[in-house]
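*Asks:* Fold the following and give me the result.
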Amino acid sequence: MAAIKAGDLDAMVIVDGSPVWRLMTDVSASDHLHLVPVVHEAIRSFYPAAHIPGGTYAWQKDDVATISVGVILVAYDFHDYRCDTIGRLAYLMRGNLAWLRANGHPKWKTVRLGENVPGWAPYACVTDYVPPLDLQPSVGMDDNRANPVAEAIRTIFRP
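*Replies:* Model prediction:
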């Protein structure tokens, strides 16, 4: 970012979910930077069209045409050593998706669990996972925790 602001670089490519925290915090109108539209036909024929609404960043007035890049979370457990950990992580994400959509990065609103991806088969460690009693929600569970996903993930990966 410093090289862009100093004029040592003409451009940089950012592949991230909008809004990008760094563009919100490290760029201001006085930097005289702008987002470059991605409109080349060869690129747009491969990636879905998207746009960044004007005002997404305080220094950006107009909508900017761009593209969208799909993301898939992939887990590969070569010798099935981590099947339970991968199953727990998927269970926690699925069970807390509403919280993530309400409180997490705006991109969580676009997550579509269970979508078929050509050439990929769902992992049995995820589809067949049965959570232990300590992970299953209880009737009195506190839904106002600061971040139930991070809290649950910490319990999985603690030594």
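*Asks:* Now do the same contact list for Asp80.
*Replies:* With contact set as Cβ atoms under 8 Å, 6 or more residues apart in numbering, Asp80 has these partners: Cys125. From N, CA and C alone the C-beta is placed, and that goes for glycine too.
*Asks:* just the helices in this structure please.
*Replies:* For the chain, applying DSSP state H gives helices covering 2-6, 21-25, 41-46, 83-95, 97-103, 124-127, 148-157.
*Asks:* Nearest approach to Gly70 belongs to which of these?
*Replies:* helix 41-46 (11.3 Å; Cβ to Cβ).
*Asks:* then that closest one to CSV, C-alphas only?
*Replies:* These are the backbone C-alpha positions of helix 41-46, laid out as CSV (Å, rounded to 0.1, in the frame of the first residue of the first chain):
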residue,chain,number,x,y,z
GLU,A,41,-14.4,-9.3,-22.1
ALA,A,42,-12.0,-12.3,-21.8
ILE,A,43,-11.9,-11.9,-18.0
ARG,A,44,-15.6,-11.2,-17.8
SER,A,45,-16.5,-14.3,-19.9
PHE,A,46,-14.7,-16.5,-17.3
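*Asks:* List the buried residues of that helix.
*Replies:* In terms of neighbour count (16 or more other Cβ atoms under 10 Å), helix 41-46 has no buried residues at all.
*Asks:* Show me how the protein divides into domains.
*Replies:* Following automatic domain parsing, one gets these domains for the chain: 2-67, 83-157.
*Asks:* Among those, which one carries the weakest average confidence?
*Replies:* The weakest mean pLDDT among the domains of the chain belongs to domain 83-157, with a mean of 79.
*Asks:* For the domains of the chain, give me TSV that also has distance to Leu73.
*Replies:* Converted to TSV, the domains of the chain look like this (distance: least, Cβ to Cβ, whole Å):
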stretch	distance to Leu73
domain 2-67	14
domain 83-157	8
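*Asks:* residues contacting the residue nearest to Ser28 when sequence neighbours are not counted?
*Replies:* In space, and not counting its chain neighbours, Ser28 is closest to Trp59: 5.8 Å by Cβ to Cβ, 6 or more residues apart in numbering. Applying Cβ under 8 Å, 6+ apart, we find Trp59 in contact with 27-29, 31, 33.
*Asks:* Could you measure from the most centrally placed residue in the chain over to Pro19?
*Replies:* Nearest to the geometric centre of the chain sits Lys107, at 5.5 Å (Cα atoms, centre = their mean). Using Cβ to Cβ, to the nearest Å, we find Lys107 at a distance of 9 Å from Pro19.
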